[in-house]
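Asks: here you go, sequence then predicted model.
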Amino acid sequence: MSLHEELTAFQHCLDDLVRTVGRLERSLARLREDAAGRTGSPEHPAGMVTITEAPYDATLWTDSDDEGLGVRGRHAP
């Protein structure tokens, strides 16, 4: 391959890279616009759930099974 052919191939690759980066920049701009429309306040972003530090209500777990241990208060077989 001659130097001229190599430079031409390099120029084509560089042009492809420039086009691809342009498309990525446009896609990123659209994603940023979409994300800006979906977020809530910085303290409570959209889709986030706040879990309190308060202890859970013990009655929620009265009839639950402990994984691999069976029901509370009963002996394993």
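Replies: Looks like it arrived, so ask away. None of these values were measured; they are calculated from a predicted model. Numbers count the residues shown, from 1 in each chain.
Asks: need the helices for this protein, in chain order.
Replies: Taking DSSP state H as the criterion, the chain carries its helices at 3-38.
Asks: now Val49: how far from Tyr56?
Replies: 15 Å (Cβ to Cβ, to the nearest Å). C-beta coordinates here come from the backbone N, C-alpha and C atoms, glycine included.
Asks: in terms of neighbours, single out the busier of these two.
Replies: Between Val49 and Tyr56, Tyr56 has the larger neighbour count (other Cβ atoms under 10 Å), namely 8 against 5.
Asks: report pLDDT for that one.
Replies: pLDDT, Tyr56: 82.
Asks: for it, what are phi and psi?
Replies: phi -70, psi 150 (degrees, to the nearest 10).
Asks: ok, Thr52 next?
Replies: Taking degrees, to the nearest 10 as the convention, Thr52 sits at phi -80, psi 160.
Asks: pLDDT value on it, please?
Replies: 84.
Asks: how far away is it from Thr62?
Replies: 21 Å.
Asks: quick one, which of these two is more surrounded?
Replies: Ranked by neighbour count (other Cβ under 10 Å), Thr52 and Thr62 place Thr62 first, with 10 against 6.
Asks: show me the shaky parts of this protein.
Replies: 38-46, 63-77 (pLDDT under 70).
Asks: how does it look with 80?
Replies: Confidence mapping of the chain against pLDDT under 80 gives the ranges 35-50, 58, 60-77.
Asks: and Val49, backbone torsions?
Replies: phi -120, psi 130.
Asks: tell me the spacing between it and Gly37.
Replies: Taking Cβ to Cβ, one finds Val49 at 20 Å from Gly37.
Asks: then His12?
Replies: Distance from His12 to Gly37, by Cβ to Cβ: 38 Å.
Asks: what do you get for Thr59?
Replies: Thr59 is 41 Å from Gly37, by Cβ to Cβ.
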